[in-house]
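Enquirer: I'll drop the sequence and a predicted model, then ask my questions.
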Amino acid sequence: MSRLAMFGGTRTLTAENKEPALIGWPVVTDAERESALRVLDSGQFTSNNTDGEVQLLEREWAEYVGTAHCAAVSNGTAAIELALAAAGIEPGAEVLVPAFTFIASAIGPVQRSLTPVFVDIDPVTFCMDPAAAEAAITPRTRAIVVVHLHGLPADMTAFRALADRYGLLLVEDAAQSHAATYLGARTGSLGDIATFSLNVVKNLPTCGEGGLVTTDSADLHREVELRRQFGERLQGARERDYRSRRVAGNEKLSAVQAAFARAQLTRLDEYHEARTRNVHALLDRLGRLPGVVTPYTPSDRTHAWHILRLRFDPVALGRPEVAPGALRAILHRALRAEGAPVQPYQVVPLPGQPAFRELGHRAEDFPVTCEVIEDSLTLQRWHLNPASGPVLQRIADAFEKVWEHLDVLCTAAAGLDHRPAWQPREKAGV
Ligand SMILES: Cc1ncc(COP(=O)(O)O)c(C=O)c1O
């Protein structure tokens, strides 16, 4: 048995495995370089040009997703805010948001003076639990922000039924799920309106920040367009009339970012297929290790594989005395020492974040979210690169090596004084 790197042994992953050509993201090719130069040479830098890069991206994305409309905006958080604004939901109304997601899913509603009401997740899909969502509906609820977390579509049949039954706006936060499908339809076409992020770490990235809002509703689309640009109606070559029809800010996308995203879009499917192959080859090996729970994809949907979450089960390992959080912490150290880039994603549920705790929310009210955070780690970003297949195999080697030492690691974990990151600290403000 080879010695663990955390105890002075040789690391499994070497510098060679970390070459940008294998794991860098986004992949920048001549197409991206040429697209940026094309914009610089055209002199058309804003989103206000008819048939400019922004309009072309909007048309291409609407066609890809399968919606009638798409509006490009400054980022994915603005996209959520604008989607809610477009529906005219009155300030103070409640919006259901999963307790487990990136903070932006709740900040979009807050920026519209709406109240996020947190909902626990399903332990298998990690997406909002429809039954918990229904239990959270009150007479003040107006919308559901469903997040396709990590790239797996949420149970949209259940959420559509819920939205229809209670007359709620159904918003998809598809920031992590470009190219994923549910019952054959792409995410972004499943709700009343949907939002995407084009942030540089996303599966469809731009060279910085960006967002997209898709919908079949001409009314919602018109409102998003108005509200992303001071409430003004900017109509291509026509002279600007300087009339603000809505009280609204500036949340537009620039032409360089649209052009970069368009170049990426031409390779989205090819990358998605390569990623799916590479990820399956990795998960097949990890799934054979005792106590590792790999992501599950229900047969009615496909996964975008934005983030890979692995849960660790001490009971399945025959070590029920080890706290899941302590096991995860020691595995984290052992795997990182081997060079495997495992990391937590969201160590505190949204309602337990200091900013929301101050408003009276509590992480402990969302036990499934807390459990998942405690017993799991993620792999992010490296696997997005379509050439990462061999590196993912080295990561599987690192897991297998660490698993040979599980007995020692479990004994060490049992002795750890572990405390979940979401438990409030004694000192205020920490
Ligand atoms: C689920 C989710 N929603 C919204 C956002 C916000 O997107 P952006 O960073 O483009 O504002 C992100 C980005 O990380 C996200 O992961």
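Expert: Received the coordinates, thanks.

Enquirer: and residue 277, how many neighbours?
Expert: By other C-beta atoms under 10 Å, 12 other residues sit near residue 277. C-beta: built from backbone N, CA, C; applies to glycine.

Enquirer: do you know the pLDDT at the nearest residue to it once chain neighbours are set aside?
Expert: Computed as C-beta to C-beta, 6 or more residues apart in numbering, the closest residue to residue 277 that is not its neighbour in sequence is residue 389, at 7.1 Å. Note for residue 389: predicted pLDDT of 98.

Enquirer: residue 389: what's it in contact with?
Expert: The neighbours of residue 389, taking C-beta atoms under 8 Å, 6 or more residues apart in numbering as the test, are 274, 277, 278, 281.

Enquirer: pLDDT score for the residue in the chain positioned nearest to the ligand?
Expert: Closest contact between the chain and the ligand, by C-beta to the nearest ligand atom, is at residue 76 (2.4 Å). Looking at residue 76, its pLDDT is 98.

Enquirer: got the phi/psi numbers for it?
Expert: phi -70, psi -30 (degrees, to the nearest 10).

Enquirer: can I assume it is in contact with residue 196?
Expert: Yes: with contact defined as C-beta atoms under 8 Å, residue 76 counts as touching residue 196 (6.3 Å).

Enquirer: re the thing from before, buried among the contacts of residue 389? Need that as a selection in ChimeraX.
Expert: Selection of the buried residues among those in ChimeraX, burial being defined by 16 or more other C-beta atoms under 10 Å:
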select :274,278
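
Enquirer: any chance of the contacts of residue 389 in TSV, with pLDDT too?
Expert: TSV is the format used below for the contacts of residue 389 (pLDDT from 0 to 100):
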residue	pLDDT
274	98
277	98
278	98
281	98
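
Enquirer: which of the contacts of residue 389 fall in helices?
Expert: 274, 277, 278, 281 (DSSP state H).

Enquirer: hang on, the first one packs against residue 386?
Expert: Yes: here residue 274 reaches residue 386: they are 3.5 Å apart, a contact under C-beta under 8 Å.

Enquirer: what does the stretch 1-150 of the chain have sitting close to the ligand?
Expert: Counting by C-beta under 6 Å from any ligand atom, the residues of the stretch 1-150 of the chain close to the ligand are 75, 76, 77, 101, 102, 104, 105, 147.

Enquirer: ok, so of the residues you listed, who is nearest residue 139?
Expert: Proximity of these to residue 139 (C-beta to C-beta) peaks at residue 105, which lies at 22.9 Å.

Enquirer: grab the most central residue of this protein for me.
Expert: When C-alpha atoms, centre = their mean is applied to the chain, the residue found nearest the centroid is residue 176 (3.3 Å).

Enquirer: what backbone torsions are found at the residue lying closest to it once chain neighbours are set aside?
Expert: Leaving aside its chain neighbours, residue 176 sits nearest to residue 306 (4.1 Å; criterion: C-beta to C-beta, 6+ apart). With angles defined as degrees, to the nearest 10, residue 306 shows backbone torsions of phi -80, psi -40.

Enquirer: and residue 306, how many neighbours?
Expert: Residue 306: 24 neighbours (other C-beta under 10 Å).

Enquirer: so it sits against residue 150, correct?
Expert: Yes: Residue 306 lies in contact with residue 150 (C-beta under 8 Å); the separation is 5.6 Å.

Enquirer: hmm, back to that, ok, which of the ones in helices among the contacts of residue 389 also contact the ligand?
Expert: Counting by C-beta under 6 Å from any ligand atom, nothing from the ones in helices among the contacts of residue 389 sits close to the ligand.

Enquirer: now neighbour count and secondary structure too, for the residues of the stretch 1-150 of the chain next to the ligand, in TSV please.
Expert: Below are those laid out as TSV (neighbours: other C-beta atoms under 10 Å; DSSP: H, G, I helix; E, B strand; the rest coil):
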residue	neighbour count	secondary structure
75	22	coil
76	27	helix
77	25	helix
101	27	coil
102	18	coil
104	22	helix
105	26	helix
147	26	strand
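
Enquirer: leaving out sequence neighbours, find the closest residue to residue 363.
Expert: residue 352 (2.7 Å).

Enquirer: if I look at the one you found, how far off is residue 373?
Expert: Between residue 352 and residue 373 the computed distance is 9 Å (C-beta to C-beta, to the nearest Å).

Enquirer: who touches both of these two?
Expert: Contacts common to residue 352 and residue 373, judged by C-beta under 8 Å, 6+ apart, are residue 422.

Enquirer: low-scoring pLDDT stretches of the protein, where are they?
Expert: Applying pLDDT under 70 to the chain picks out residues 425-430.

Enquirer: so the residue of it positioned farthest from its centre is in which element?
Expert: Most distant from the centre of the chain: residue 239, at 39.2 Å, with distances by C-alpha atoms, centre = their mean. Residue 239 belongs to no helix or strand when assigned by DSSP states H and E.

Enquirer: likewise residue 398?
Expert: Going by DSSP H and E, residue 398 is in helix 389-404.

Enquirer: which parts of stretch 364-380 are buried?
Expert: 366, 368-380.

Enquirer: hang on, I meant stretch 136-155
Expert: When burial is assessed from 16+ other C-beta under 10 Å, stretch 136-155 yields the following buried residues: 136-137, 141-155.

Enquirer: narrow those to those in strands?
Expert: Counting by DSSP state E, those place 141, 142, 143, 144, 145, 146, 147 in strands.

Enquirer: next up, the contacts around the fifth one.
Expert: The one in question is residue 145. By C-beta under 8 Å, 6+ apart, the contact set of residue 145 is 80, 95, 96, 97, 98, 105, 108, 109, 171, 173.

Enquirer: can you count the residues close to the first one?
Expert: This means residue 80. 33.

Enquirer: same thing with the second one?
Expert: Residues near residue 95, counting by other C-beta under 10 Å, number 26.

Enquirer: go ahead and confirm it touches residue 140.
Expert: No: counting by C-beta under 8 Å, residue 95 sits too far from residue 140 to count as a contact (9.7 Å).

Enquirer: how about the contacts made by the closest residue to residue 128 other than its chain neighbours?
Expert: Distances taken as C-beta to C-beta, 6+ apart place residue 98 nearest to residue 128, at 4.1 Å, with adjacent residues excluded. Residues in contact with residue 98, defined by C-beta under 8 Å, 6+ apart, are 105, 118-121, 127-128, 145-147, 149, 350, 369.

Enquirer: try it again at 6 Å.
Expert: Applying C-beta atoms under 6 Å, 6 or more residues apart in numbering, we find residue 98 in contact with 119, 121, 128, 147.
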